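Engineer: Attaching a predicted model along with its sequence, questions to come.
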Amino acid sequence: MLLTVLRGDSTTWTFQVIEDGLPRDITGDFIRFTIKTDPDDLDSVAILRLSNTTSGVLILLPQTGDTKGKFTVTLSHIDTKLYVKNLRKFWDVQMTLADGSVVTPFYGDIFFAADVTKN
């Protein structure tokens with residue numbers, strides 16, 4: 001999945017975890033969003049790492065009805081301002097489920113497009 005961000009802008013994406021065709025309750029899961037230059041880079045040299053236990057990743061509550069399985073990832077304007085224009089990197093969402101299993105339900109490229117207006 002390609003995500004596109006205008007450099008220097010804040011942006012929020014909403015994801016929904018589906019399991020066996022139905023939204024999955026993600027209460028108690030650990031969710032990490034990572035951006036890297038190369039997918040094989042160590043996590044310690046990732047460009048950006050956000051999680052639901054630090055900042056940037058928010059599990060929507062209650063985990064029922066329309067919000068079941070949903071979480072948001074927010075990049076602040078500070079997170080995106082430092083990137084070179086027209087830069088492509090790699091991202092993923094990795095989850096450690098409440099039962100200890102690890103899954104990567106979302107991944108792809110992220111493109112930082114040039115911004116025109118500078119504040």
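Structural biologist: Nice, I can see it.
Engineer: Confidence-wise, which helix or strand of the chain is lowest on average?
Structural biologist: For the chain, the helix or strand with the lowest mean confidence is helix 77-81, at a mean of 86 (criterion: mean pLDDT, DSSP states H and E).
Engineer: Okay, buried residues for it please.
Structural biologist: Buried residues in helix 77-81, counted by 16 or more other C-beta atoms under 10 Å: 79-80. In short, each C-beta sits where N, CA and C put it, glycine included.
Engineer: contacts for it?
Structural biologist: Contact with helix 77-81 is made by 5-11, 48, 56, 112, as judged by C-beta atoms under 8 Å, 6 or more residues apart in numbering.
Engineer: Pull up the pairing partners for the helix or strand where V103 lies, direction included.
Structural biologist: Secondary structure from DSSP states H and E places V103 in strand 102-113. Partners of strand 102-113 in the sheet, by DSSP bridges, are strand 2-6 (parallel), strand 87-96 (antiparallel).
Engineer: Now the element after the first one, going C-ward?
Structural biologist: By that I understand strand 2-6. strand 11-16.
Engineer: chain center to the next helix-or-strand element following that next one, what's the gap?
Structural biologist: Later in the chain than strand 11-16, the nearest helix or strand by DSSP H and E is strand 18-19. The chain centre lies 17 Å from the centre of strand 18-19; the measure is C-alpha atoms, centre = their mean, to the nearest Å.
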